[in-house]
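Asker: my questions are about this predicted structure, shown below with the sequence.
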Amino acid sequence: MLEIKDLHVKVGEKPILKGINIQVQPGEIHAIMGPNGSGKSTLGNIISGRGGYEITDGTIYFEGKDIHEDLPEQRARNGIFLAFQYPVEIPGVTNIYMLKAALNAKRRAQGLDEIDAMDFITLVKDKLKALKMDESLLYRDINSGFSGGEKKRNEILQMAILEPKLAILDETDSGLDIDALRTVSDGINALRSPKRAMILVTHYQRLLDYIKPDFVHVLSKGKIIKSGDHSLALELEKSGYEWINDETTQSS
Amino acid sequence: MANDNQQLDDMLSQEYEHGFITDIETDTIPPGLDETVIGMISHKKNEPEFMLQWRLQAYQHWLTMKEPHWAQHHFKPIDYQEISYYSAPKLDKDRPKSLDEVDPELLATYAKLGIPLKEQEMLAGVAVDAVFDSVSVATTFKGKLSELGIIFCSFSEAVQEHPELIKQYLGTVVPYTDNFFATLNSAVFTDGSFVYIPKGVRCPMELSTYFRINAASTGQFERTLIIADEGSYVSYLEGCTAPMRDENQLHAAVVELIALKDAQIKYSTVQNWYPGDKDGKGGIYNFVTKRGDCRGSNSKISWTQVETGSAITWKYPSVVLQGDNSVGEFYSVAVTNNMQQADTGTKMYHLGNNTSSTVISKGISAGRSQNSYRGLIKVAKNAKNARNYTQCDSLLMGDQCGAHTFPYIEAKNASSHLEHEATTSKISEDQLFYLLQRGLSSEDAISMVVNGFCKRVLKELPMEFAVEAQKLLGISLEGSIG
Amino acid sequence: MIELASSYIDHYKSFSNEREETKLPWLNNLRQDALLQLQKVGLPNSHLEDWKYTDLSILHNHEFSLPCHTEEPDLSNIELLNEDFYHIVFVNGKLHHIPDEINSSFTIKPLNQCYSSIKNLISPITQPSIRAINTLFMDQGVVIDIKEGTILEKPIHLVYLTTENQIMSHLRNVILSGKNSQCQIIENHIAQNNHAYFSTVITDIHSAENSLTALFKVTRESENSYHVSQNNVIQAANSQFDYHSFDLSGKLIRHDINSELNGAGANCNLYGLFALDGKQHVDTHSRVAHNHSHTYSNEIFKGIADGRSKGIFNGKVIVKQDAQQINAAQQSKNILLSNRAEIDTKPELEIYADDVKCSHGATVGNLNEDSLFYLQSRGVDLTAAKNMLIHGFAKEIVNTIDLEILRKNINAHVVEKLNLTGRRAS
């Protein structure tokens, strides 16, 4: 579904990613771990088409198609979803209004009719319940005055409604207390499906106790320095990133 | 974000939609201004002597004044002798008594503007006093209003029918000596609207006027006078669109509002006059004096404006808070694009005790335009417990435009509490990206952010107007669901 | 205007006769320009937007003259003079004391001995300002040259003492903050009597790359004095300029601070406090021009007005076209303690670029009633409660001074003045 080959990315003159290779198949969950500044968030931004980055080398294929020239909204409509680490506040625009506009933009792109208002409300309310979100959040301005947990839940709500093929969850666990983490994880797990792939970008392995990944990749200084299964994450938790760095330095 | 910028440009470069000219023979006084011309205007309108005298006094005073150039504006001095001061649609005999008698071409003009009178007459609640150039041609719902004692008619009609009210109130808020353009208006104004709401009456519908500027080289000098007697309420809508013209056209209107004890006036404007083309050629010069007087205690005057048109806007709807506990409000969205120049804001004069005012101004600058907020909050020495909250925010779209803020705060009473906040920033790329990532088009994302930015003001507009305002801002109506 | 300004022009004629400036034609030309402007518009008056609230044409009613000779002043009571600072003392507009040659890393020289070296730094007379009259009589002042890489361990302390009646003084200083240099400069304006006098002080600062210049200005002039100052700061890349101003006494005080941020990373922080009573009139105009991308400014000005005083703040932030990535914040906060006092404030933004974050805020109000009640409910009497709140309000500005000796000194004066206003308020 997603195939990234030898991806090199820089911001201004500064190289951020230095040759990333990763393959994600439908149904798989990949965790990308790494210390701060390793380039984890860049990866999510690049896949979803954020400006300000320059791809100097390598390719990104989504469903067999080179997407590096696609606009962010095209990628979104084709099924790529980014749950932001810091969801932005947009004053004056209500959550539900944006959600409906987003869903309809996607439906139009797929050649479907716009969703009926009543059907939409029913859909949203079901998802809300599952995420234990208060209905009033729908009518508040996007993320404005939301608590950290509310913001993250709101991201998952949007994901549940837009039903992406590939979801990239950027530090979705950060800033959550244990109850909120459980709710968010339940929400994410409920969206697991054989057709849907997910990439969890995270600093800590805590989230992975709740959402078990199929693969774990360790990103350091713009490169994937180690890949493995869930046990790698546990190893990391125990020994810290120093361990990986030391190990790779020694082995290289 | 190169693509976004491209789309932003495309969106901003939408051509003016209402550019067409109606061919109607007009009854026009040749260009030029002197006492004879003023006499002719007054005579054509069959005015009583006091009106003529008032006009002539204004004219004499005007001769001593200089065209103001202090605002953030650049325009060539206007040749006031080149302007024709009277232009009325040529009508068969008397004015039409029903819409059926109205010149069909006029009706077609309104239809193109999306304000079919016939439909409006049937639609709930909106009575339209449509001003075509300088003379009022149709008034609807008059019967229903007159049952309540409400007078809603053209200014000229009011001069004929209710001279005592005109004599009592005309020029008491904006005296003929007020400023260059208001003084000129006082000398030469041709028509406008008049509203009187009797004691204790709540006007059951939104009163509405659409202004048009049409005949070539015709200055438009409207005069509106609204009086809300004790305990009454009225909401008045003013909307404007104008056909495309090459030469600049001067519009110098005066609006006077008077709210007596416990009365409330809500005055809303959507202004979409021709802004000139991309290079700043043509467009309306909109030099307007709007002022409300909260004359009685517990009275309230609210101005709401959405300004998207005109080449130059020079406009400061103000409130004189004379009555104790009176309230003044100003809500404004001003959008400038291409070569437009807008210098707009408000003045709140706190004179009575326990007066309060709120000012919310949202400026959006794009293209090579210049957009300025200029405001004055003044608290007199004896005005106890004056309150003001002012917020003015500017959004910049493109690196060729300018956004300026000039807030004057003058406080002379220690019990006042005045607060002013302002921000200026670029439209946020993070916000745009967030919306794009959810699949919205760049155009929709921009619309949504801009709409959100203006929401505080837009929600002050009556429903009928909110739709038009949003259309003008190029954004779809938010809140249509849920 | 012409006849009103004539007394100054007469003074200038005798002033110029005493001097042999034919050697410096450029200076003569400059003075001629100044003379022309003064003849044309006189002193700045309320017809000019920038002088809307402060009309100096009232000075035309006075007969101030240049001091002839001065008796030996008594400097024993002058505060901070005993501190280990570099002291420069002006008495009645004449340079009285200047530190001996210190070392080669920085120099302090009388202005009239180094015209040739600063010729290119003296800007021409353009719009009406105090610059015209100051240029006309420009003679006294110092040029402080802080060489590249010099970090002054001690502050430079300028004392401006006035002891004579009916005089005027016009001082001009130039500060050259060299590349990577750091310095702190204190300007202390004081008087020994309640004389009437008129002084103008222009201090032009040239901040080279990566330099740090802090200016502390304390104005404690006589109750009958007119004090008008101007600071023009030209800032190169990564330079920082900090301005801290405290206006405590003086009949009429007007400050203009103009900062030109000309290089990336240049930033300025402007802080001011005025505490007024009686018929005092204080007007501060700041103008920060962001001429280059990546420049930053922050301003906080606070005012307290009691009695029949008038406090004015006008802050202007200008962002030039193509100057991107700008941060500018401006705050004007004021407390009005009397119904006969007046606060006029106008924080302006003029923005011609788009990638900017600019904000300003202004408040005018009395003391917070809830806070007063809270303190009273804890047993504090009303006067003390008011004083507490007023001190708290002022403290934010006093605390911007990191030079401890100075902070304590200024704090004592601020507290003294505020207790006075606080008492009157209750």
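Answerer: Perfect, I can see it now. None of the values given here were measured: they were computed from a predicted structure. Numbering: from 1, shown residues only, chains lettered A, B, ... in the order given.

Asker: excluding residues flanking it in the chain, which one is nearest the residue of the stretch 51-200 of chain A found nearest chain C?
Answerer: Ranking the residues of the stretch 51-200 of chain A by distance to chain C (C-beta to the nearest C-beta) places residue A:52 first, at 13.0 Å. Quick note: C-beta positions are derived from backbone N, CA and C, even for glycine. Taking C-beta to C-beta, 6 or more residues apart in numbering or on different chains as the measure, residue A:52 lies nearest to residue A:11, with 6.4 Å between them; neighbours along the chain are not counted.

Asker: what's across from that neighbour in the sheet?
Answerer: Residue A:11 has the following beta-bridge partners by DSSP bridges: residue A:14.

Asker: still on that earlier bit, got the confidence number for the residue of the stretch 51-200 of chain A closest to chain C?
Answerer: According to the prediction, residue A:52 has pLDDT 85.

Asker: which regions of chain B sit below the pLDDT cut-off?
Answerer: For chain B, residues meeting the criterion pLDDT under 70 lie at B:1-27, B:71-73, B:87-142, B:209-219, B:240-248, B:464, B:467-468, B:470-472, B:474-482.

Asker: near chain C, which residues of it?
Answerer: Counting by C-beta under 8 Å from any C-beta of the partner chain, chain B comes close to chain C at B:70, B:381-382, B:394, B:396-426.

Asker: try it again at 7 Å.
Answerer: Residues of chain B that fall close to chain C, judged by C-beta under 7 Å from any C-beta of the partner chain: B:381, B:396, B:398-399, B:401-426.

Asker: could you look up the SS state of residue C:335?
Answerer: Each residue gets one of three states, and residue C:335 gets strand by DSSP: H, G, I helix; E, B strand; the rest coil.

Asker: OK, contacts around it?
Answerer: Counting by C-beta atoms under 7 Å, 6 or more residues apart in numbering or on different chains, residue C:335 makes contact with C:304, C:365, C:366, C:367, C:390, C:393.

Asker: how near is the nearest residue to residue B:204 once chain neighbours are set aside to residue B:406?
Answerer: Nearest residue to residue B:204 in three dimensions, chain neighbours excluded: residue B:148, at 7.3 Å (C-beta to C-beta, 6+ apart). Residue B:148 sits 43 Å away from residue B:406, taking C-beta to C-beta, to the nearest Å as the criterion.

Asker: give me the more crowded residue out of these two.
Answerer: The neighbour comparison of residue B:148 against residue B:406 (other C-beta atoms under 10 Å in any protein chain shown) goes to residue B:406, with 21 against 14.

Asker: return the set of residues that bridge with that one.
Answerer: Following DSSP bridges, residue B:406 is listed with bridge partners residue B:374.

Asker: over to the one 4 residues further on?
Answerer: Residue B:410 forms beta bridges with residue B:378, residue C:344, as assigned by DSSP bridges.

Asker: okay, now it: neighbour count?
Answerer: Residue B:410 is flanked by 20 other residues according to other C-beta under 10 Å.

Asker: please, which helix or strand holds residue C:203?
Answerer: Per DSSP states H and E: residue C:203 is located in strand C:196-207.

Asker: brilliant, that's me finished.
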